[in-house]
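K.L.:
got a sequence here, can you build the structure:
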Amino acid sequence: MVRKNLREIGGRPLIAHTVEALRDSGVADRLVISSDDAEILGWASVHGVETIPRPPELARPDSTISDVAVHVVESLEWNGVVGVFQPTSPLRSGKTIAEALRQFDVADVDSLASVVREHHLFWYESGDGLDAARPLFESRVNRQFARHGVLRETGAIQLVSAAALLRHRSMVTPRHRLFETPSIESDDIDTPEDLDRVRRRSSRGTVVFRLKADRTVGSGHLHHCLQLAEYLDVHRLVFLLKDC
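P.N.:
Down below sits the predicted model:
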């Protein structure tokens, strides 16, 4: 998807959601945007975010996040904790970022990455054909009861010490930790369909049903409210019961 970091959710580009979450977290000593896009760099400057123009050799399709992080650290001569927060995960919250950094600090590790648990039934095919594929689950149960061991990196939060990053040239080090995030914050936008799904999720409202039912009023309206709720269940639904 072309220039997806400038695609909007709720009237704001994806990069704005990430900057807001970082500011809400209260843990960022320095906030820097690396890009080769003049419009993104301009947006960052207008909104008080430090920028580093990305050289062409780091803006190719095969360039990695690790390569970009090394370039930023070396350019800034940074020696603290390095955090990479991809704009394509706009639903991650400042509270979750702060908790990830807390776990990183107490775990005595060199790197950390956010993951979300997958509840589908996954199989792994190593290249020997479908007949040799093996299940990545222990038992077949309905998804609402499953706790499978497959974890997916979200790209929402990546932490590494600057020293370890420069030593290993990678965001993932031998002393690595996974940080499980809430599923509601795990959406990663790669395609137009992903963007549409996140837009719909972020536009959810709250619908409040206020109900009173007793021997005089009756409860027929309760039945009608439940019927309405079936059609409004894309939103957060709250039922307030008075003198029932």
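K.L.:
ok, the residue lying farthest from the centre of the chain to Lys242 distance?
P.N.:
For the chain, the residue at maximal distance from the C-alpha centroid (C-alpha atoms, centre = their mean) is Thr216, at 50.0 Å. For Thr216, the distance to Lys242 (C-beta to C-beta, to the nearest Å) stands at 13 Å. C-beta coordinates here come from the backbone N, C-alpha and C atoms, glycine included.
K.L.:
and for Ser111?
P.N.:
53 Å.
K.L.:
more neighbours: which of these two?
P.N.:
Ser111 (22 against 9; other C-beta atoms under 10 Å).
K.L.:
now do the same contact list for the more buried one.
P.N.:
158-161, 164-165, 171-173, 175-177 (C-beta atoms under 8 Å, 6 or more residues apart in numbering).
K.L.:
at 6 Å what do you get?
P.N.:
160, 172-173, 176 (C-beta atoms under 6 Å, 6 or more residues apart in numbering).
K.L.:
ditto for Ala213
P.N.:
Counting by C-beta under 6 Å, 6+ apart, the residues that Ala213 touches are 219, 222, 244.
K.L.:
what's the neighbour count on the nearest residue to Leu6 once chain neighbours are set aside?
P.N.:
Leaving aside its sequence neighbours, Leu6 sits nearest to Pro13 (C-beta to C-beta, 6 or more residues apart in numbering; 4.7 Å). Neighbour count of Pro13, defined by other C-beta under 10 Å: 20.
K.L.:
pretty sure Pro13 contacts Arg3?
P.N.:
No - if you go by C-beta atoms under 6 Å, Pro13 and Arg3 don't touch, sitting 9.6 Å apart.
K.L.:
got the buried residues for the longest strand seen in the chain?
P.N.:
Ranked by residue count and defined by DSSP state E, the top strand of the chain is strand 151-161. The neighbour-count check on strand 151-161 (16 or more other C-beta atoms under 10 Å) flags 154-161 as buried.
K.L.:
run through the helices of the chain in chain order.
P.N.:
14-25, 38-46, 65-76, 94-107, 162-168, 192-202, 220-231 (DSSP state H).
K.L.:
dump stretch 79-98 to CSV, keeping only the CA atoms.
P.N.:
C-alpha atoms of stretch 79-98 as CSV (Å, rounded to 0.1, in the frame of the first residue of the first chain):
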residue,chain,number,x,y,z
ASN,A,79,23.5,5.3,24.1
GLY,A,80,20.2,4.6,25.9
VAL,A,81,17.3,2.3,25.1
VAL,A,82,16.1,2.3,21.5
GLY,A,83,12.5,2.0,20.7
VAL,A,84,11.0,1.3,17.3
PHE,A,85,7.2,1.9,17.0
GLN,A,86,5.9,1.3,13.5
PRO,A,87,3.0,3.6,12.5
THR,A,88,1.2,0.6,11.0
SER,A,89,0.1,-0.4,14.5
PRO,A,90,-2.0,2.7,15.3
LEU,A,91,-4.1,1.1,18.1
ARG,A,92,-1.3,0.4,20.6
SER,A,93,-1.7,2.6,23.6
GLY,A,94,0.7,4.7,25.7
LYS,A,95,-0.2,2.5,28.7
THR,A,96,1.0,-0.6,26.9
ILE,A,97,4.2,1.1,25.7
ALA,A,98,5.0,2.1,29.3
